[in-house]
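Asker: predicted structure and sequence below. I'll ask about it afterward.
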Amino acid sequence: MDVMKDGWQAVKLGEVCGLQNGFAFKSTMFKSHGTPVLRISNIQNDEICNNRLVYTDPDDYKEDLSKYEVRNGDLLIAMSGATTGKVGFNSTSKIYLLNQRVGKFEPKKTIDKKYLYYFLSTRVEENLKMSAGSAQPNLSTKQIKDFIIPMPPLPEQKRIVAILDGAFAGIERAVANTEKNLANARELFDGFQNSVLSQPNENWKKTSLGKEIDLLTGFAFKSKEYTEAKDGIPLLRGDNITQGELRWKSFKRWPKNDTSNYKKYELEEGDIVLAMDRTWVKAGLKYAQISSTDLPCLLVQRVARLRSKKEMDGGFLKFLIGSPIFTEYVLAIQTGLSVPHISGKQISDFEFLRPSVKEQTSISSTLIEMQINLHNLESIYISKIAALSELKQSLLQKAFSGELTADPERALKEAAA
């Protein structure tokens, strides 16, 4: 035990807290009902995650399982797997059973449980992973008990917890408000985009994509003929398409000296590309517009290329494909359970109202300006959320170094401004 300033001590966690390891339940004893068993995958995001719970009946065991019970207020830690080092409170009235590789902390009277939680949830994870090895994180009881924790007197612990509780509640509110404002800005843009593209106008022509674009689906390039040569031509696959953008962090190449037979699959600046497999994912529709920096590249199978004809403005086409109207159409017509997909014919059959080219250009310009403003707002909001996160880490650093001496309200207002 090392003495720090102002009566603080640096102690091993095992000196102030016990750790109950979980029971090695056999998977053959799991049932569809009974008492829920907490596994390492259920310890996430500082709380208990009830996804994919398994159940068992304590009466089926010879052992007394009472010491493995997890009740309201119990603090847990994952000791192996992808969630190694994560901690979580059981904040519900549910009673769980503790599975192996999940530990339950049993704090002594000298340490406040919430103080321990704040320290573990913010400082322990990375340090424990480093001590355990990052390849296959696996914590032992000894490693956890040997972790050094700063220990002020109990009244100081409670003071720190009270300040952090108030500050973090304020940070959560500020983050929630910022995220709400960001969502409102995006919703406003989508709503305007939708209204502009679907407004009834007797001068607009009802048509379909197939009549207004040149549609091409990609070629099945053989993987055994890919090249590692740096001058190889990038192959654009569905995996390279995100929500309105292309990602080239990982891609395949085709030999540069073997492109003469694939001229029709060469993409051009302004082309719209649309993933035909998993066209829509939780993050949104997978489409993008080709820019000069993306070229040269070749179109791969299960990706559609949409190229404007003379009566179709390229910018208008991009906003049309990225609109909620087209997304709703895709969600209604896609087929396949394991890999939802759409066909070239389904893309061609999409009907919409087409303004004159002049009106299309004007609409596109307005939407581009709004989109730029939206991106600027997003940058501001993302920076604000990052500042709030940094404030949280700063408060924690001060809390566990004995420097949390004042109410952080002013810093919170500055970060949220």
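Answerer: Great, that's in hand.

Asker: quick one: the helices in the protein?
Answerer: 13-16, 113-119, 125-132, 141-145, 154-198, 209-212, 314-321, 324-333, 344-348, 357-399, 409-416 (DSSP state H).

Asker: weakest of the ones you listed by average pLDDT?
Answerer: Ranked by mean pLDDT, the helices of the chain bottom out at helix 125-132, which scores a mean of 53.

Asker: can you pull the pLDDT of the nearest residue to Leu298 once chain neighbours are set aside?
Answerer: Excluding its sequence neighbours, the residue lying closest to Leu298 (CB to CB, 6 or more residues apart in numbering) is Tyr265, at 4.9 Å. Where you see a C-beta, it was placed from the backbone N, CA and C, and this is true even at glycine. If you check Tyr265, the pLDDT there is 97.

Asker: which ones are touching Tyr265?
Answerer: 216, 218-219, 298-299 (CB atoms under 8 Å, 6 or more residues apart in numbering).

Asker: could you work out the most separated pair of the residues you listed?
Answerer: Greatest spatial distance in the contacts of Tyr265: Leu216 and Leu298, 11.4 Å, computed using CB to CB.

Asker: which of those two has more neighbours?
Answerer: Leu298 (21 against 17; other CB atoms under 10 Å).

Asker: check whether that one really touches Trp254, as I assumed.
Answerer: Yes - between Leu298 and Trp254 there is a contact under CB atoms under 8 Å: 5.8 Å.

Asker: and the protein, what are its domain boundaries?
Answerer: 2-151, 205-354 (automatic domain parsing).

Asker: re the thing from before, can you redo the helices of the chain as JSON lines with mean neighbour count?
Answerer: Below are the helices of the chain laid out as JSON lines (neighbours: other CB atoms under 10 Å):
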{"stretch": "helix 13-16", "mean neighbour count": "18"}
{"stretch": "helix 113-119", "mean neighbour count": "21"}
{"stretch": "helix 125-132", "mean neighbour count": "15"}
{"stretch": "helix 141-145", "mean neighbour count": "16"}
{"stretch": "helix 154-198", "mean neighbour count": "15"}
{"stretch": "helix 209-212", "mean neighbour count": "18"}
{"stretch": "helix 314-321", "mean neighbour count": "22"}
{"stretch": "helix 324-333", "mean neighbour count": "16"}
{"stretch": "helix 344-348", "mean neighbour count": "16"}
{"stretch": "helix 357-399", "mean neighbour count": "15"}
{"stretch": "helix 409-416", "mean neighbour count": "15"}
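
Asker: ok, which of these comes nearest Ala24?
Answerer: Comparing the helices of the chain under CB to CB, the one sitting nearest is helix 141-145, at 14.4 Å.

Asker: render the CA-only coordinates of stretch 84-104 in PDB, please.
Answerer: Only the C-alpha atoms of stretch 84-104 are listed here, as PDB (Å, rounded to 0.1, in the frame of the first residue of the first chain):
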ATOM      1  CA  THR A  84     -12.600  -8.200 -22.100                       C
ATOM      2  CA  GLY A  85     -12.300  -5.500 -19.400                       C
ATOM      3  CA  LYS A  86     -15.800  -4.100 -20.000                       C
ATOM      4  CA  VAL A  87     -17.800  -3.500 -16.800                       C
ATOM      5  CA  GLY A  88     -21.500  -3.100 -16.200                       C
ATOM      6  CA  PHE A  89     -24.000  -2.700 -13.500                       C
ATOM      7  CA  ASN A  90     -27.100  -4.800 -13.200                       C
ATOM      8  CA  SER A  91     -29.500  -1.800 -13.000                       C
ATOM      9  CA  THR A  92     -32.600  -3.900 -13.200                       C
ATOM     10  CA  SER A  93     -34.600  -5.900 -10.600                       C
ATOM     11  CA  LYS A  94     -33.800  -9.100 -12.600                       C
ATOM     12  CA  ILE A  95     -31.800 -11.900 -10.900                       C
ATOM     13  CA  TYR A  96     -29.200 -13.500 -13.200                       C
ATOM     14  CA  LEU A  97     -26.700 -16.300 -12.800                       C
ATOM     15  CA  LEU A  98     -23.000 -15.600 -13.400                       C
ATOM     16  CA  ASN A  99     -21.400 -17.700 -16.100                       C
ATOM     17  CA  GLN A 100     -17.700 -18.500 -16.200                       C
ATOM     18  CA  ARG A 101     -15.300 -15.700 -17.400                       C
ATOM     19  CA  VAL A 102     -17.600 -13.100 -15.900                       C
ATOM     20  CA  GLY A 103     -16.600 -11.700 -12.500                       C
ATOM     21  CA  LYS A 104     -18.700 -10.000  -9.900                       C
END
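
Asker: check contacts around the residue most central in space within the chain.
Answerer: Nearest to the geometric centre of the chain sits Ala283, at 9.2 Å (CA atoms, centre = their mean). Ala283 is in contact with 242-243, counting by CB under 8 Å, 6+ apart.

Asker: want to throw the helices of the chain into CSV with distance to Leu97?
Answerer: Formatted as CSV, those follow (distance: least, CB to CB, whole Å):
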stretch, distance to Leu97
helix 13-16, 24
helix 113-119, 21
helix 125-132, 24
helix 141-145, 19
helix 154-198, 29
helix 209-212, 56
helix 314-321, 51
helix 324-333, 41
helix 344-348, 50
helix 357-399, 32
helix 409-416, 40
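
Asker: between the ones you listed, which one is nearest to Val70?
Answerer: Using CB to CB, the helices of the chain put helix 113-119 closest to Val70, at 13.8 Å.

Asker: neighbouring contacts of that closest one?
Answerer: By CB under 8 Å, 6+ apart, helix 113-119 touches 17, 73, 75, 87, 89, 105, 107, 149-150, 157-158, 160-161, 164-165, 396, 399-400.

Asker: contacting residues around Leu317?
Answerer: Taking CB under 8 Å, 6+ apart, one finds 212-213, 272, 306, 308 in contact with Leu317.

Asker: cutoff 7 Å now
Answerer: 213, 272, 306, 308 (CB atoms under 7 Å, 6 or more residues apart in numbering).
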